[in-house]
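Visitor: need a structure here:
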Amino acid sequence: MLRRSVFLSALALALVPALAACGRQAADGKGPLKVGATAVPHAEILEQVKPILAKEGIDLQIVVFNDYVQPNTQLAEKRLDANYFQTKPYLDEFNAGRGANLVTVAGVHVEPLGAYSRKHGTLAALPHGAEIALPNDASNTGRSLLLLQAARLIALKKGADPLQTVADIAGNPKGFRFRELEAATLPRVLDQVDLAVINTNYALDAGLSPRNDALTLEGGDSPYVNYLVARADNRDDPRIRALAAALTSQTIKDYINRTYAGAVVPAR
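Guide: Next comes the predicted model:
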């Protein structure tokens, strides 16, 4: 028994370096690359990248989310290697609020934000006291208010500040009422409100055409680029660098232009 115990102890000691090597291999970026994304257009675009990365021996695994919180939470917790769904102002807000250290890797595309209605055919037709639904996260609330200001529906106290809130509305001549909701739910309340400001990924997912259905839409020069995001400790992982290169390649730019017809445009 003593001899067997000594043998097992020696075997266990021999396995420690091997197990450590397995851990280093994962840390060195040689396993599957798990990337979180919202369904449209991010996961669709990533599907086009899969065969590009496969040629480099990289197994891209796409994890689809229907909200904006979990992709960042799981990336910060190292359950994901990267994510692709958000703008820099949203990322900055998340980092500040959660004490996270997520970083941008590459700007991929722009989704012009739009305002939609099933009750009114034009912005001018919005009645006094109309109810307008906005996304409730700080970066998208401010962005929505800037869109409404550009359409001359409201005036804001701080001009072009992207992080203004409903409390910063200085001019509201038609007495609009504002309802702040989770971004993913906005398409589902279109029948209940007069106007809803909806992120393009959720609009597309709901079958809306930003170019045809939006009553007002951000211009193509929008600063709200959607980024590939990683952690500070893995941003230089060669798999993530390969993903960034593929997402910004001419092949993917051509796919975006061909597929989304201006509703999603490659970042400049």
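Visitor: Burial check on residue 52, number of neighbours?
Guide: 18 (other C-beta atoms under 10 Å). For every residue, glycine as well, the C-beta is placed using N, CA and C.
Visitor: the helices in the protein, which residues?
Guide: 2-27, 44-54, 70-76, 88-98, 138-150, 200-205, 210-213, 238-247, 250-260 (DSSP state H).
Visitor: Retrieve the pLDDT associated with the residue lying closest to residue 37 once chain neighbours are set aside.
Guide: Leaving aside its chain neighbours, residue 37 sits nearest to residue 43 (4.5 Å; criterion: C-beta to C-beta, 6 or more residues apart in numbering). Looking at residue 43, its pLDDT stands at 98.
Visitor: separation between residue 43 and residue 242?
Guide: Per C-beta to C-beta, to the nearest Å, residue 43 is found 18 Å from residue 242.
Visitor: ditto for residue 91
Guide: Separation of residue 91 from residue 242 (C-beta to C-beta) stands at 21 Å.
Visitor: Ok, residue 222 next?
Guide: Using C-beta to C-beta, residue 222 is found at 27 Å from residue 242.
Visitor: any low-confidence regions in the stretch 51-200 of the chain?
Guide: In the predicted model, the stretch 51-200 of the chain carries no residue with pLDDT under 70.
Visitor: Quick one: mean pLDDT for stretch 203-213?
Guide: 92.
Visitor: How far does that stretch stretch from one end to the other?
Guide: 10 Å (C-alpha to C-alpha, to the nearest Å).
Visitor: Quick one: residues in contact with it.
Guide: 38-41, 111-112, 114, 116, 187-188, 198, 200, 214, 217, 260-264 (C-beta atoms under 8 Å, 6 or more residues apart in numbering).
Visitor: how does it look with 7 Å?
Guide: 39-41, 112, 114, 116, 187, 200, 217, 261-263 (C-beta atoms under 7 Å, 6 or more residues apart in numbering).
Visitor: Count the neighbours of residue 103 for me.
Guide: By other C-beta under 10 Å, 15 other residues sit near residue 103.
Visitor: Who does it form a beta bridge with?
Guide: Note on residue 103: beta-bridge partners residue 230, judged by DSSP bridges.
Visitor: and it, what is it in contact with?
Guide: 229-232, 235.
Visitor: what do you get for residue 118?
Guide: Residue 118 makes contacts with 190-191, as judged by C-beta under 7 Å, 6+ apart.
Visitor: that older thread, can I get the helices of the chain in TSV including distance to residue 121?
Guide: Output for those, formatted as TSV (distance: least, C-beta to C-beta, whole Å):
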stretch	distance to residue 121
helix 2-27	55
helix 44-54	30
helix 70-76	36
helix 88-98	31
helix 138-150	17
helix 200-205	17
helix 210-213	11
helix 238-247	37
helix 250-260	24
